[in-house]
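A.B. asks: Have a look at this prediction, sequence included:
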Amino acid sequence: MWVIDPIILGAAVITSLTISYISMPVIIKVDNMKRFMDEPDQERKLHKKIIPTLGGIGIFAAFLIAYSIWGDANNLKSYPFFVASLVMLFLIGLKDDILMLSPVKKLMVQALAAAVVVWGGNIQLTDLSGILGIHEIPLLIGQLLSVFIIITIINAFNLIDGIDGLAGGIGIISSVFLGVWFWNYNYLHLAILAFVLSGALAGFLIFNFSPAKIFMGDTGSMTVGFILAYITLHFLVLNKPTSGGDYMATAPVIAISVLIIPLFDTFRIFFWRIIQGKSPFIADNNHIHHIMLRSGYTHASASITLWSINVMIIGVTFYLAELDVNILLATVILLALLIIPFIRISGKLYRNAFINRFSVDNRERNISSSGYKSSKEINEVSTRELTNDKIPELKDS
């Protein structure tokens, strides 16, 4: 098993990555021909040029084809309901990318897809592992909570897809972590599912990392979010005390840490809109990635920083997994609350360092070529150049 399983997992990843990678140039070409493009508006959509936006088609195709070849659906009883829900979300995402749909209509389809996999596939939470002192919960409460979790993760992943490479990278980190756990505990059918997703996202990320050549669109973000929600729900169900065998008593907190960036940003932005008297479904430019760009980060540096923060929080949570579940939950929440202050401070330091370097370069250039004799004259020229907005643009896509 320890020889065969890695071969199967590797083949599954290579298959999904290859299909995704090969399909992206074709999708880009078709998008350009049919003008299925995302246009910048300098408020929320901060890329500099129009970008093809149907990359989710390639991710969806790569995932389904690769799992059909290498997966073990016979051991995954909820798989037919999972595929039905996935197709629903793919179609509604595709329609939204082409024609635009209201948030309410998308939410209704998300709720339907979640209900199909929970009730039809018979996969739901029955235990909260002691969070807030709650252990076993009634069946109906567990089913409704499971639907809520699926809808939340779908929308969290959709909302984090705002700059080049961010959503794809977060999806790879989450799916790889969960895939390794499934493999380590001999749930090969779920490990393949998770690793196939990581391969499909890796093939897409090659074209989506800054400067992006294609976006995944709602077609991709809703389907990827649903797949992550599905495997996360399995992770939670398999880690309940009554599941038999080894289990992680703090699994709910570990699941939160795996998706901490999209979950924290979603709850933060919804809470902020509500206290301002706005609808939580009205889009704005106050997401984490918007704050980072305003703080001086580029698309690439913002994505890499958030990937690193996500990995760090997963590592800390896993290292402290033997703590009481509520203490661990408080620790993860505290780490999440420190993200925004860290971003603002590091962004300010980065920008100040950039401006200082720019000023020094100007001084040296002026000394060598401008003919100024006094340091006072040189300082005046450098100051004028800085205040005339001659600092190079910090955004790179």
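C.D. replies: Nice, I can see it.

A.B. asks: Now do the helices in the stretch 251-397 of the chain.
C.D. replies: 251-258, 260-275, 288-294, 299-319, 325-337, 339-369, 375-387 (DSSP state H, counting those that start in this stretch).

A.B. asks: right, so those: which one is the most enclosed?
C.D. replies: Stretch with highest mean neighbour count among the helices of the stretch 251-397 of the chain: helix 251-258 (a mean of 24; mean count of other Cβ atoms under 10 Å). Every C-beta, even on glycine, is put in place using the N, C-alpha and C of the backbone.

A.B. asks: What helices and strands are in contact with it?
C.D. replies: strand 127-131, helix 166-184, helix 217-238, helix 299-319, helix 325-337 (3 or more Cβ pairs under 8 Å, 6 or more residues apart in numbering; DSSP states H and E).

A.B. asks: Can you name the element that comes right after the shortest one?
C.D. replies: So the one you mean is strand 127-131. Following strand 127-131 in sequence order, the next helix or strand is strand 134-136 (DSSP states H and E).

A.B. asks: Do I have it right that residue 168 meets residue 205?
C.D. replies: Yes: taking Cβ atoms under 8 Å as the definition, residue 168 is a contact partner of residue 205 at 4.0 Å.

A.B. asks: Tell me which of these two has more neighbours.
C.D. replies: Counted by other Cβ atoms under 10 Å, residue 168 and residue 205 do not tie: residue 168 has more neighbours, with 30 against 25.

A.B. asks: Nearest to residue 290 among the helices and strands packed on helix 251-258 would be which one?
C.D. replies: helix 299-319 (9.5 Å; Cβ to Cβ).

A.B. asks: Could you tell me which ranges of this protein sit under the pLDDT cut-off?
C.D. replies: 1-4, 38-48, 241-246, 353-397 (pLDDT under 70).

A.B. asks: Now do the contacts for the nearest residue to residue 153 once chain neighbours are set aside.
C.D. replies: Nearest-residue entry for residue 153: residue 229, 3.8 Å, with adjacent residues in sequence omitted and distances by Cβ to Cβ, 6 or more residues apart in numbering. By Cβ atoms under 8 Å, 6 or more residues apart in numbering, the contact set of residue 229 is 114, 149, 150, 152, 153, 154.

A.B. asks: do residue 55 as well
C.D. replies: Here residue 55 is in contact with 24, 27, 204, 207, 208, 214, 215, 216, 217, 219, 220 (Cβ under 8 Å, 6+ apart).

A.B. asks: ok, the second one touching residue 57?
C.D. replies: Just to be clear, that refers to residue 27. Yes: with contact defined as Cβ under 8 Å, residue 27 counts as touching residue 57 (5.7 Å).

A.B. asks: can you count the residues close to residue 148?
C.D. replies: Count around residue 148 with other Cβ under 10 Å applied: 13.

A.B. asks: Check residue 217 too.
C.D. replies: The tally of other residues near residue 217 (other Cβ under 10 Å) stands at 26.

A.B. asks: Whichever strand or helix holds residue 89: what's the following helix or strand?
C.D. replies: Here residue 89 is covered by helix 79-99, with elements defined by DSSP H and E. Using DSSP H and E, the helix or strand that follows helix 79-99 in sequence is helix 103-115.

A.B. asks: Would you report the backbone torsion angles of residue 125?
C.D. replies: phi -70, psi 140 (degrees, to the nearest 10).

A.B. asks: residues near it, how many?
C.D. replies: 22.

A.B. asks: pretty sure it is touching residue 232, no?
C.D. replies: No: between residue 125 and residue 232 there is no contact under Cβ under 8 Å: 10.9 Å.

A.B. asks: so what sits against both of these two?
C.D. replies: residue 149.

A.B. asks: and the residue nearest the centre of the chain, what does it touch?
C.D. replies: Centrality entry for the chain: nearest residue to the mean C-alpha point is residue 167, 3.4 Å, by Cα atoms, centre = their mean. Counting by Cβ under 8 Å, 6+ apart, residue 167 touches 157, 160, 161, 216, 220, 221, 224, 262.

A.B. asks: repeat for residue 171
C.D. replies: Contacts of residue 171 by Cβ under 8 Å, 6+ apart are 157, 197, 198, 201, 224, 228.

A.B. asks: rewinding a little: so can I have CSV of the helices of the stretch 251-397 of the chain showing distance to residue 81?
C.D. replies: Below are these laid out as CSV (distance: least, Cβ to Cβ, whole Å):
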stretch, distance to residue 81
helix 251-258, 21
helix 260-275, 24
helix 288-294, 33
helix 299-319, 29
helix 325-337, 30
helix 339-369, 35
helix 375-387, 60
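
A.B. asks: closest one to residue 193 among these?
C.D. replies: When the helices of the stretch 251-397 of the chain are compared by Cβ to Cβ, helix 251-258 sits nearest residue 193, at 15.0 Å.

A.B. asks: Which ones among the contacts of residue 229 lie within helices?
C.D. replies: Taking DSSP state H, the ones among the contacts of residue 229 that sit in helices are 114, 149, 150, 152, 153, 154.

A.B. asks: rewinding a little: of the helices and strands packed on helix 251-258, which is nearest residue 345?
C.D. replies: Per Cβ to Cβ, nearest to residue 345 of these: helix 299-319, 12.3 Å.

A.B. asks: any idea how far that closest one is from the chain center?
C.D. replies: In terms of Cα atoms, centre = their mean, to the nearest Å, the centre of helix 299-319 is set 11 Å apart from its chain centre.

A.B. asks: Output the contacting helices and strands for it.
C.D. replies: helix 166-184, helix 251-258, helix 260-275, helix 288-294, helix 325-337, helix 339-369.

A.B. asks: Which one of these lies nearest to residue 11?
C.D. replies: Once the helices and strands packed on helix 299-319 are compared by Cβ to Cβ, helix 166-184 is nearest, at 13.9 Å.

A.B. asks: in the closest one, what's buried?
C.D. replies: Across helix 166-184, burial judged by 16 or more other Cβ atoms under 10 Å covers 166-179, 181-183.

A.B. asks: about what we covered before: what angle do the helix holding residue 89 and helix 103-115 make?
C.D. replies: Helix 79-99 runs at 170 degrees relative to helix 103-115, counting by axes from the mean of the first three to the mean of the last three Cα atoms, to 10 degrees.
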